[in-house]
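In: Show me the folded form of this:
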Amino acid sequence: MDRVLHQVEEGPHHFRNSVIAQLFFDAALYRHKTVYELICFTVMSNHTHMVFTPLHDGMPLHWVMGRLKRYVGQQTNAALGLKGPFWQDENWDRIVRNDEELSRIIGYVLNNPVEADLVNDWQQWPYSWLNPDYL
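Out: This is a model prediction of the structure:
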């Protein structure tokens, strides 16, 4: 699926705009250590990947992501003079079951810009972030 997302030129690529990409970057970090423990994320031109652990028992993933996506969508629409939904309806939420799976997913998320041939090393991508506790 990501190969398709990396190659498709149709549809919005709002995160190519550095202001909009930075908006998501800052919004994701804003809730780190208050709503969730952020592990890593990457912002691509037309999608994002994010790995986190909710900090409050019973806090559903859809609530956490819904608030973040609502804020980013509203701010992006305002910045670009757009109206209507910013995000597509689907999410690819998943629960990570063990450390091996977490390690694999972190690598997948961080290497998205490498796989898209945008950089040679994930650390060169300005819109990727890894919690130092997971180095």
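
In: What helices and strands are in contact with the helix or strand that contains residue 107?
Out: Element membership for residue 107, per DSSP states H and E: helix 99-110. Here helix 99-110 touches strand 36-43, strand 48-54, strand 128-130, going by 3 or more Cβ pairs under 8 Å, 6 or more residues apart in numbering; DSSP states H and E. In short, each C-beta sits where N, CA and C put it, glycine included.

In: can the ones you listed go into CSV with extra columns for mean neighbour count and mean pLDDT?
Out: Compiled in CSV, the helices and strands packed on helix 99-110 are given as follows (neighbours: other Cβ atoms under 10 Å; pLDDT from 0 to 100):
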stretch, mean neighbour count, mean pLDDT
strand 36-43, 21, 98
strand 48-54, 18, 95
strand 128-130, 20, 98
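
In: And the helices in this structure, which stretches?
Out: 2-7, 18-30, 61-80, 99-110, 112-115 (DSSP state H).

In: now do the same end-to-end measure for stretch 28-39.
Out: 11 Å (Cα to Cα, to the nearest Å).

In: now do stretch 26-41
Out: The first-to-last residue distance of stretch 26-41 comes to 11 Å (Cα to Cα).

In: Identify the residues contacting that stretch?
Out: Counting contacts by Cβ atoms under 8 Å, 6 or more residues apart in numbering, the residues outside stretch 26-41 that touch it are 25, 48-56, 59, 64, 67-68, 71-72, 75, 102, 106, 109-110, 128-131, 134.

In: repeat for stretch 103-111
Out: By Cβ under 8 Å, 6+ apart, the list of residues contacting stretch 103-111 reads 39, 40, 41, 42, 49, 50, 51, 96, 122, 128, 130, 134.

In: any chance of those in JSON lines, plus distance to residue 31?
Out: Shown next, in JSON lines, are these (distance: Cβ to Cβ, whole Å):
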{"residue": "39", "distance to residue 31": "13"}
{"residue": "40", "distance to residue 31": "14"}
{"residue": "41", "distance to residue 31": "11"}
{"residue": "42", "distance to residue 31": "17"}
{"residue": "49", "distance to residue 31": "16"}
{"residue": "50", "distance to residue 31": "11"}
{"residue": "51", "distance to residue 31": "14"}
{"residue": "96", "distance to residue 31": "19"}
{"residue": "122", "distance to residue 31": "22"}
{"residue": "128", "distance to residue 31": "18"}
{"residue": "130", "distance to residue 31": "17"}
{"residue": "134", "distance to residue 31": "17"}
